[in-house]
Structures are given as structure tokens and as C-alpha cells.
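**Student:** dropping a prediction and its sequence here:
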Amino acid sequence: QVQLVESGGGLVQAGGSLRLSCAASGRTISTYTMGWFRQAPGKEREPVATIIWTAGRTYYADSVKGRFTISRDNAKNTVYLQMNSLKPEDTAVYYCAAREGSSAYRSTDYRAYNYWGQGTQVTVSS
């Protein structure tokens, strides 16, 4: 079992920055695929960024490319999402997720992930 705990959300003005953290426990996630997803009210959960741990490969949604960066700290068993130039449309609950293995197959499909954090609210005011 893997437990995930997100932190770092909050209220920020448009153009500002936030860094989300996802601390994993229970297992070392060095061979896991990690992802950040978000869900706004009335909308389906969508992928924001994913990282295939062993390969160092990353994916970004078109809407966040150039603004968000996913990274990891193996020593801390933690994955981060640095969010810059935030926009009001980035407002959502952000979830950290993990799944075993390093395949890129369905890495952006939230239904393919086994473990989830509780979510952290990000609100961007205009």
C-alpha cells in the first residue's frame, strides 16, 4: 500500500505561483508512475502532469505546458508540481496519484491509477 499526502495548495492571484508537494509513504515509489490530476466543479478529473519515475519521462497537458513543472526527490519519496503564471482556469482540487510500473500506457488516464491523495484546493483569483 502507498499513502499519498498532498500539501501546498491555497489562494493566489492570477500570475502568481504555488508549489504542490506529494509525500509518499508505505513503499518506495522509485518504480512507480506518478501523476498530478485536477478536478474543477462540474468537470471530469483531468491529467495535469505525469512522470515516469525510472525513465524520467514527463507529460504535460497542453493547458499547462511552459507554466507547470513536475519533479521528484527520490531521497524524500516526494513528487512536486511547481505552478507558475497561474490563471483563474487553473482553479481546481489537485490530486496526486500513483500506480505501479513505468509504462507510458494510459499514464494520463486517472482510472489507471491505484493510489490517491486526499486532494488540495488551488484557487486563482483574477
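**Tutor:** Perfect, I can see it now.

**Student:** look at L86 and give its secondary structure.
**Tutor:** coil (DSSP: H, G, I helix; E, B strand; the rest coil).

**Student:** ok, it - contacts?
**Tutor:** For L86, the contact set (CB atoms under 8 Å, 6 or more residues apart in numbering) comprises 12, 14-18, 67, 122, 124. For the C-beta atoms, the positions are set from N, CA and C on the backbone; glycine is no exception.

**Student:** try it again with 10 Å
**Tutor:** Under the criterion of CB atoms under 10 Å, 6 or more residues apart in numbering, the contact partners of L86 comprise 12-18, 64, 67-68, 122-125.

**Student:** what's the answer for T108, then?
**Tutor:** Applying CB under 10 Å, 6+ apart, the residues near T108 are 35, 37, 46-50, 59-61.

**Student:** go with 6 Å
**Tutor:** For T108, the contacting residues are P47, by CB atoms under 6 Å, 6 or more residues apart in numbering.

**Student:** give me the number of residues near T69?
**Tutor:** Neighbour count for T69, taken as other CB atoms under 10 Å: 15.

**Student:** with adjacent residues omitted, what lies nearest to the residue of the chain positioned farthest from its centre?
**Tutor:** The outermost residue of the chain, judged by C-alpha distance from the chain's mean C-alpha position using CA atoms, centre = their mean, is S126 at 22.8 Å. Distance criterion CB to CB, 6 or more residues apart in numbering; nearest residue to S126, sequence neighbours excluded, is P88 at 4.8 Å.
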